[in-house]
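J.: 3D model of this:
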Amino acid sequence: MAQASLRLGKSVANQAFRRNLSTTRAVAGTHLNYTVQDGVAVLRFDSPGSKVNSLGEETSAELQEAFQTFMKDPAAKSAVLLSGKPGCFIAGADINMLAKCQTAEEATALSKGCQDLLFEVEQCKKPVVAAIQGSCLGGGLEVAMACHYRIAVDGMKTSMGLPEVMLGVLPGGGGTQRLPALTGIPNTLDMALTGKTLNAKKAKKVGLVDAVVDPLGPGLAPADVTTHQYLEKIAINTAKQLADGSMKLPNRGPKNFAKKVEKAAFGVGPVKDYVFNMAKGKVMKQTNGLYPAPIKILEAVRAGLDHGVEGGYKAEREKFGELVATSESKGLISLFHGQTECKKNKFGKPANPSKTLGVLGAGLMGAGIAQVSVDKGYTTVLKDMSSAGLSRGVSQVSDYLDKKVKRKKVAKLDAERYLANLIPALDYTDFGKVDMVIEAVFEDINIKHRVIKEVEKHMREDAIFASNTSALPITKIAEASIRPEKVVGMHYFSPVDKMQLLEIIVTDKTDMETKKAAVDVGLKQGKVVIVVGDGPGFYTTRILAPTLSETIRLMQEGVDPKKLDKLSKGAGFPVGIATLIDEVGIDVAAHVAEDLGKAFGDRFSGGNPEVLKGLVDAQMMGRKSKKGLFVYADGSKDRPVNQEGMNIIKKFASVAPAATAGDEDIVLRMVTRFANEAVASHQDGILATPLEGDIGAVFGLGFPPFSGGPFRYIDTMGAQTFVDHMRRFEQSYGVAFTPCQMLVDMAKSGNKFYK
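T.: This next block holds a predicted model:
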């Protein structure tokens with residue numbers, strides 16, 4: 001067997017050296033390893049010190065060097081591109097490359113470079129096989145599509161997709177042109193417009209991969225490693241057969257009559273117009289025109305259909321450049337960075353990570369916390385005061401796992417194993433074994449005090465007590481504890497299995513091991529974690545409260561709840577602001593408004609507190625009581641405005657000053673109060689960084705994602721402009737719109753939160 005080995009790096013840049021390069025000479029490199037085995041070049045992508053491979057400046061240069069070496073190497077008749085990491089093929093482009101682009105022209109040039117590299121691969125006369133296991137996303141999938149044959153592993157976390165739209169950009173390495181060629185226009189639009197990922201079998205069905213490899217079980221090495229070794233052998237054998245002609249590349253044309261008709265139809269102008277206009281209409285309806293990337297993706301795909309490959313590539317790189325320069329892309333990329341940072345434990349690994357959790361209260365929140373714990377390997381003791389309540393909570397966990405099985409997210413055997421991690425309890429017998437107790441009982445300080453005193457009698461001295469409170473200061477809750485250093489806040493959002501955010505609240509007394517352990521549990525539960533200081537409402541509830549107060553005032557001024565929903569969704573909130581009040585619960589909103597009103601005074605003023613009390617007294621508490629600002633009927637999506645509720649609000653009617661009653665000002669009144677309080681929280685030390693503030697606002701409360709969060713929203717608008725808006729509203733409504741001192745200072749200095 002002929003063997004040759006090369007390590008490739010930037011040192012190969014010298015052209016004279018390149019001419020003398022041979023397969024017997026080793027060149028030091030970092031990310032790519034080149035070997036030739038029996039006529040097959042194996043290009044192994046394995047970035048050191050990283051869980052994933054990504055396409056950055058250095059890695060892209062090495063990848064290009066490796067392909068050029070292969071093309072010139074007479075000993076290599078074909079090639080296999082695979083990863084050295086079983087869990088990741090190529091996760092995509094290095095986002096930092098986009099951040100470095102200062103202009104649209106620079107981003108266009110970046111796209112052109114990627115297109116040229118992959119065009120070289122595609123045009124190579126010798127066959128190249130991509131062997132895919134793990135994540136193959138964005139630029140990684142574009143690399144794979146440029147190869148001549150693709151083999152993917154079924155399972156083993158293998159997924160393929162183009163998620164660029166979620167970063168406010170489009171695939172810039174030929175993805176908008178190669179994906180339609182492989183899968184057709186409908187599949188392309190489905191994937192590129194949504195960021196949807198496909199498993200190996202689905203990818204083969206649509207034509208994205210050519211062969212699927214079944215995974216192996218564990219042997220001398222773990223299952224993912226043995227499967228990866230097996231994949232490599234199959235890929236090398238396939239590459240040999242493609243090179244010697246014993247195996248032919250598959251016909252990429254339409255496979256059946258329906259696909260042939262589809263392809264022919266997209267050659268007809270009116271059909272193209274109809275499909276793309278329909279797609280554009282859906283995009284505009286879903287995004288309210290606030291996200292430019294989906295429209296540019298449609299335009300790039302259409303350009304390839306209308307003007308051929310050259311026109312398609314030109315449109316793709318130019319539109320890529322335009323999108324990278326937008327504030328929407330910068331905001332979404334900032335959120336991506338924030339998510340990445342908030343998926344790390346900034347305090348470090350705990351000395352004794354929690355293995356067994358106790359959850360007090362089997363209601364929606366308590367059972368939800370149990371749901372996201374048992375399937376992550378935690379033994380979870382779920383306690384409730386009544387058999388009926390406990391049974392309901394266990395059923396919620398069981399139903400959650402059953403749905404995951406039906407959706408093929410987990411195997412039935414695994415679901416049964418996860419359910420076995422759940423220990424239902426009506427007493428504290430098993431609480432001597434738990435490492436952390438998370439209480440999810442009613443939001444009342446006296447009840448919290450009673451619970452902490454009860455449970456601490458049964459807990460170990462080193463066990464942690466966490467409160468899932470949304471507004472009560474953790475310091476006050478800890479007053480009832482004999483070990484306040486072991487008390488922490490863990491504020492989950494409902495529904496727990498769907499909402500990504502976990503807000504951890506620490507006090508001056510919370511010790512470091514408790515902080516480490518709390519973040520560790522949240523990360524293992526799959527949460528994006530922010531850590532904030534203690535105070536009334538912490539961060540998320542504190543910034544939401546004045547916004548909801550302003551919403552009540554707007555309704556007192558006669559603004560219809562449906563109009564408020566339309567305006568807030570039009571501004572980018574995923575959930576309408578009036579609907580949000582019903583979802584939170586009007587009783588909860590009233591309780592929080594009262595507590596935070598006492599803590600912050602007139603600054604939290606807005607709507608008359610008696611409005612919420614009146615609705616609660618009339619048993620109109622939102623969705624959970626079937627009536628709130630809207631009326632809810634089982635089995636119906638129609639939600640008419642609750643006229644009985646509106647009659648209660650009319651009793652407290654007020655008149656809006658004409659200068660602040662326009663639609664734009666209605667939105668600004670809600671958003672400025674939200675963002676001003678976010679900055680005030682940072683000013684008061686509740687929030688350590690603007691990045692965590694943006695993550696908390698977007699992932700916990702639905703602040704418009706395209707803006708990047710309230711801090712980046714202010715940066716984009718300009719602090720002075722933002723303050724000017726608040727001063728204008730302040731003239732009509734007083735201290736509720738007085739900008740905090742940090743904002744005033746930034747307006748004067750011209751500084752930004754993000755440099």
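J.: okay, and for the chain, where does confidence drop off?
T.: Scanning the chain with the threshold set as pLDDT under 70 gives 1-29.
J.: Run through who's touching the helix or strand hosting residue 262.
T.: For residue 262, the element it lies in under DSSP states H and E is helix 257-265. The list of residues contacting helix 257-265 from outside it, by CB atoms under 8 Å, 6 or more residues apart in numbering, reads 184-186, 253-254, 271. Quick note: C-beta positions are derived from backbone N, CA and C, even for glycine.
J.: Put the buried members of the residues you listed into a PyMOL selection.
T.: This is how PyMOL selects the buried members of the contacts of helix 257-265, with burial counted by 16 or more other CB atoms under 10 Å:
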select buried, resi 184+185
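J.: could I get the contacts of helix 257-265 as JSON lines with secondary structure?
T.: Putting the contacts of helix 257-265 into JSON lines (DSSP: H, G, I helix; E, B strand; the rest coil) gives the following:
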{"residue": "184", "secondary structure": "coil"}
{"residue": "185", "secondary structure": "helix"}
{"residue": "186", "secondary structure": "helix"}
{"residue": "253", "secondary structure": "coil"}
{"residue": "254", "secondary structure": "coil"}
{"residue": "271", "secondary structure": "helix"}
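J.: Give the burial count for residue 547, as a bare number.
T.: As a burial measure, residue 547 scores 25 neighbours (other CB atoms under 10 Å).
J.: One more: residue 481?
T.: 17.
J.: isn't there a strand covering it?
T.: No. Under three-state DSSP, residue 481 sits outside any strand and is assigned coil.
J.: can you pull the contacts of it?
T.: Contact analysis of residue 481 by CB under 8 Å, 6+ apart lists 452, 456, 465, 487.
J.: my read: the second one touches residue 478, true?
T.: No. Under the criterion of CB atoms under 8 Å, residue 456 lies out of contact with residue 478, with a separation of 11.1 Å.
J.: More neighbours: which of these two?
T.: With neighbours defined as other CB under 10 Å, residue 456 and residue 478 compare such that residue 478 has more, 24 against 20.
J.: give the contact list for residue 291.
T.: Contacts of residue 291 (CB under 8 Å, 6+ apart): 165, 168, 328, 706.
J.: let's go with 10 Å and repeat that
T.: 165-166, 168, 283-284, 323, 326, 328-329, 332, 572, 705-706 (CB atoms under 10 Å, 6 or more residues apart in numbering).
J.: Same check on residue 252?
T.: Contacts of residue 252 by CB under 10 Å, 6+ apart are 181-182, 207, 210.
J.: just those now: which is nearest residue 697?
T.: Closest to residue 697 out of these is residue 182 (39.3 Å), distances taken as CB to CB.
J.: Pull up the gap between the closest one and residue 574, please.
T.: 32 Å (CB to CB, to the nearest Å).
J.: These two - which one has more neighbours?
T.: residue 182 (17 against 13).
J.: pretty sure that one is touching residue 204, no?
T.: No. Residue 182 is not in contact with residue 204 according to CB atoms under 10 Å; the separation is 11.1 Å.
J.: what sits in contact with each of the two?
T.: Common neighbours of residue 182 and residue 204 (CB under 10 Å, 6+ apart) are 150, 210.
J.: For the stretch 201-350 of the chain, just list every one of the helices.
T.: Along the stretch 201-350 of the chain, the segments classed as helices by DSSP state H, counting those that start in this stretch run 223-244, 257-265, 269-287, 292-324, 327-341.
J.: Strands along the stretch 51-200 of the chain, start to end?
T.: 78-83, 88-90, 128-132, 135-137, 149-153, 159-161, 197-198 (DSSP state E, counting those that start in this stretch).
J.: Dump the helices of the stretch 201-350 of the chain into JSON lines; add distance to residue 695 as well.
T.: Listed next are the helices of the stretch 201-350 of the chain as JSON lines, based on distance: least, CB to CB, whole Å:
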{"stretch": "helix 223-244", "distance to residue 695": "30"}
{"stretch": "helix 257-265", "distance to residue 695": "42"}
{"stretch": "helix 269-287", "distance to residue 695": "21"}
{"stretch": "helix 292-324", "distance to residue 695": "21"}
{"stretch": "helix 327-341", "distance to residue 695": "4"}
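J.: quick one: which of the ones you listed is nearest residue 629?
T.: Among the helices of the stretch 201-350 of the chain, helix 269-287 sits nearest to residue 629 (CB to CB), with 23.3 Å.
J.: If we go by neighbour counts, what in that closest one is buried?
T.: 272, 275-276, 279, 283, 287.
J.: Go through the residues you listed and say which is closest to residue 96.
T.: Nearest member of the buried residues of helix 269-287 to residue 96, counting by CB to CB, is residue 287, at 26.4 Å.
J.: Excluding chain neighbours, what is closest to the closest one?
T.: residue 294 (6.4 Å; CB to CB, 6 or more residues apart in numbering).
J.: you'd agree the one you found is up against residue 281?
T.: No. Residue 294 is beyond contact range of residue 281, at 11.5 Å (criterion: CB under 10 Å).
J.: which residues does the residue lying closest to residue 350 once chain neighbours are set aside contact?
T.: Leaving out its chain neighbours, the residue that sits closest to residue 350 by CB to CB, 6+ apart is residue 516, at 3.9 Å. Residues near residue 516 by CB under 10 Å, 6+ apart: 345-353.
J.: of all those residues, which two lie farthest apart?
T.: Largest pairwise distance in those, by CB to CB, is 18.6 Å, between 346 and 352.
J.: So residue 529 lies in a strand, does it not?
T.: Yes. Using three-state DSSP, the secondary structure at residue 529 is a strand.
J.: What about the residue nearest to residue 588 when sequence neighbours are not counted, how many residues nearby?
T.: Spatially, and ignoring its direct neighbours in sequence, residue 588 is nearest to residue 443 (7.2 Å; CB to CB, 6+ apart). Neighbourhood size, residue 443 [other CB under 10 Å]: 18.
J.: if I look at residue 443, how far off is residue 365?
T.: 10 Å.
J.: Touching both of these two, which residues are there?
T.: Common contacts of residue 443 and residue 365 (CB under 10 Å, 6+ apart): 468, 470.
J.: can you name the two of the contacts of helix 257-265 that are farthest apart?
T.: 253 and 271 (18.8 Å).
J.: For the strands of the stretch 51-200 of the chain, give me JSON lines that also has distance to residue 236 and mean neighbour count.
T.: As requested, the strands of the stretch 51-200 of the chain are exported to JSON lines (distance: least, CB to CB, whole Å; neighbours: other CB atoms under 10 Å):
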{"stretch": "strand 78-83", "distance to residue 236": "6", "mean neighbour count": "27"}
{"stretch": "strand 88-90", "distance to residue 236": "16", "mean neighbour count": "28"}
{"stretch": "strand 128-132", "distance to residue 236": "8", "mean neighbour count": "29"}
{"stretch": "strand 135-137", "distance to residue 236": "19", "mean neighbour count": "27"}
{"stretch": "strand 149-153", "distance to residue 236": "11", "mean neighbour count": "26"}
{"stretch": "strand 159-161", "distance to residue 236": "21", "mean neighbour count": "22"}
{"stretch": "strand 197-198", "distance to residue 236": "25", "mean neighbour count": "20"}
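J.: With distance to residue 504 added, can I get these in a markdown table?
T.: Below are these laid out as a markdown table (distance: least, CB to CB, whole Å):
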| stretch | distance to residue 504 |
| --- | --- |
| strand 78-83 | 34 |
| strand 88-90 | 29 |
| strand 128-132 | 37 |
| strand 135-137 | 28 |
| strand 149-153 | 36 |
| strand 159-161 | 29 |
| strand 197-198 | 30 |
